[in-house]
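J.: Fold the following and give me the result.
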Amino acid sequence: MSKFSEHLDKCISNSGMTENQLAKMSGFNRSYIALMKNGQRVSPDTEKMVKLLDALALQPFEHDSLWSEYIQERMGKDRYKVVEAIKDLIESMGSNLNISVKSQYHHEIPDIKTIDNIMDLNYMIKVVIEEEARKEDGKLYLIMQPDKKGIFGWLPGICKNSPGLKIEHIVCMERDQESNEKDQVYNIQILKELFKMMLADENFNYEAYYYYDRIISHFDTAALMPSAVITSEYVINIAADFEHALVLHDAEIIQYYQELFRKHKQKCKPMFRKVPNYMDAFEFYDNNTEWKEEKKYVLAAQPCFGILNSEEMVKKYAKLANQKVVALIQKWLANRYSEFQTKKTHMVCYATKEGLRRFAEQGIVDEIPEELYHKLEGKDSVRLLKNILEMMAKGKYDIYLVDDQEIHLPQEVYFSSLNESAMYIMYLGKKKQQRFLLNEKRIAKLLVDFLTDFPQFPYSHDKERSVEFIEELIEQYGNGEE
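T.: Numbering: from 1, shown residues only. Below is the predicted model of the structure:
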């Protein structure tokens, strides 16, 4: 018997309810409940499981524990850990811009050559980087894993508030040749920390590079100095225990370390490809998306509107004075719609009720920068919602509503798969939108697999419920439609 089946059996016994009573309240038949208790079945029907657990009237902690065991049993323990790591990565992006601001004090940098405790080391790293950040053309080179909470707790704040500071960062990804779950979780956690830097980088000054190896061979052994902080005036060479370091201030040595960094970088690959502005985004999507026989996935507060029949709306709502640019955007949308209609591509979107309601009520299209368009009138919002339902009826488009009780999907996040191993990510901040491609194909594939299997997780409602919600919005906001 599994941990879940044993726990379920115990909870049913403690409830004093019979299997017949539970069957009536949950929708399972009595024999199926018996099979789950005996470890012979794990139901894929999360709605019935919710009713079953509610019927048991468990304490909140026990309810959450039993639910977690059920999900683990359904997915398998290893798959569950990877999925939870991705879920944590996505949820964490909602607070990534709540970052500290760099210190405004001018620090006296101690004249020392060695450090032998973590407090002094963290202080030295901070003051050296902050002094470099004050320069108009500051340069910072890092060879360091981003799970070092001391420095990466405040470094995004410095990146955000230091427009002249250029940062290049080399990280080691855990080799996962055997698709090891532990390695995959570690790499996802590394990506989560790098996202904080990327999203704080409003000036396109941060570059991350990666290579694959066993982490223990570089950062968790007795290797003398695996990490380094290099600026124009200092080198801090850091021991594996992150408590001991050498502080080097000689110009010739600094130049030598900078050259070593450049040589190491040549053996690495860029983690992200940045897309600076909206016109670059159109060109990027054109050149990197193949509309062939495959599914495209979007995880965002709102579904994808860019493939719908909407090019005539551009002229009506565009704020752009340049009519050539408007015409280019219209042509781009028309081509996307035509290709999507004629090819065997299928769009699958996971969206929130809040995002759909905001679109219907306010005419706000999250995927378009606010400075480019006027908010849509109600009749046009409704028209696009109807267009989605028409596409769904043709089998070209699916929408699943995200269950906000199971996963918190930040409004700012927009994930879009380009193919089976490429993920395009937008961060839709209030002041600035960021767009980039995740270049690391192994992790990108994990994200695409996550979106592919999303309806199997307890994170979304079924399509029928999603269609019903869109129909309710059309009825509610379509009264004034001509």
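J.: okay, CA-based contacts and neighbour counts for the rest of this
T.: Fine.
J.: Secondary structure element holding Arg435?
T.: Here Arg435 sits within strand 433-438, counting by DSSP states H and E.
J.: what residues does stretch 165-177 touch?
T.: Under the criterion C-alpha atoms under 8 Å, 6 or more residues apart in numbering, residues 132-146, 159, 183-184, 186-187, 190, 205-215, 265, 268 lie in contact with stretch 165-177.
J.: Tell me the spacing between Lys394 and Met347.
T.: When C-alpha to C-alpha, to the nearest Å is applied, the distance between Lys394 and Met347 equals 12 Å.
J.: So between these two, which is more surrounded?
T.: Each of Lys394 and Met347 had its neighbours counted (other C-alpha atoms under 10 Å), and the higher figure belongs to Met347 (21 against 10).
J.: Next one: that one from Val382, what distance?
T.: Between Met347 and Val382 the distance is 20 Å, computed by C-alpha to C-alpha.
J.: just Glu168 next, same as before
T.: Distance from Glu168 to Val382, counting by C-alpha to C-alpha: 46 Å.
J.: Neighbour count for the two, which is higher?
T.: When Glu168 and Val382 are compared for neighbours, Val382 comes out ahead with 27 against 19, by other C-alpha under 10 Å.
J.: Make sure that one is actually in contact with Glu361.
T.: No. Counting by C-alpha atoms under 8 Å, Val382 sits too far from Glu361 to count as a contact (9.5 Å).
J.: Identify the contacts common to the two.
T.: Overlap between the neighbourhoods of Val382 and Glu361 consists of Tyr477, taking contacts as C-alpha under 8 Å, 6+ apart.
J.: which stretches of the protein have low pLDDT?
T.: Low-confidence segments of the chain, defined by pLDDT under 70: 95-106, 176-179, 218-223, 286, 288-293, 479-482.
J.: Next, the buried residues of the strand holding Arg435.
T.: For strand 433-438, burial by neighbour count (16 or more other C-alpha atoms under 10 Å) applies to Gln433, Gln434, Arg435, Phe436, Leu437, Leu438.
J.: now these in TSV, with distance to Tyr234?
T.: Written out in TSV, the entries for the buried residues of strand 433-438 read as follows (distance: C-alpha to C-alpha, whole Å):
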residue	distance to Tyr234
Gln433	34
Gln434	32
Arg435	33
Phe436	32
Leu437	33
Leu438	32
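J.: between the residues you listed, which is closest to Lys81?
T.: Proximity of the buried residues of strand 433-438 to Lys81 (C-alpha to C-alpha) peaks at Leu438, which lies at 21.4 Å.
J.: Please list all residues in contact with the spatially closest residue to the closest one that is not a sequence neighbour.
T.: Among residues not flanking Leu438 along the chain, Phe272 sits closest, at 4.9 Å (C-alpha to C-alpha, 6 or more residues apart in numbering). The contact partners of Phe272, by C-alpha under 8 Å, 6+ apart, come to Glu207, Ala208, Phe436, Leu437, Leu438, Asn439, Glu440.
J.: Can you get me a residue count around Ile307?
T.: Counted with other C-alpha under 10 Å, the burial measure for Ile307 works out to 19 neighbours.
J.: doesn't Phe340 make contact with it?
T.: Yes. Using C-alpha under 8 Å, Ile307 is in contact with Phe340, at 6.9 Å.
J.: List the buried residues in the helix or strand where Asp183 lies.
T.: For Asp183, the enclosing helix or strand under DSSP H and E is helix 181-200. Of the residues in helix 181-200, those buried under the neighbour-count criterion (16+ other C-alpha under 10 Å) are 181, 183-200.
J.: what do you get for stretch 165-182?
T.: When burial is assessed from 16+ other C-alpha under 10 Å, stretch 165-182 yields the following buried residues: 165-176, 181.
J.: residue contacts, the residue positioned nearest the centre of the chain?
T.: Among the residues of the chain, Ile90 comes closest to the average C-alpha position under C-alpha atoms, centre = their mean, at 3.9 Å. Ile90 makes contact with Leu409, Pro410, Val413 under the criterion C-alpha under 8 Å, 6+ apart.
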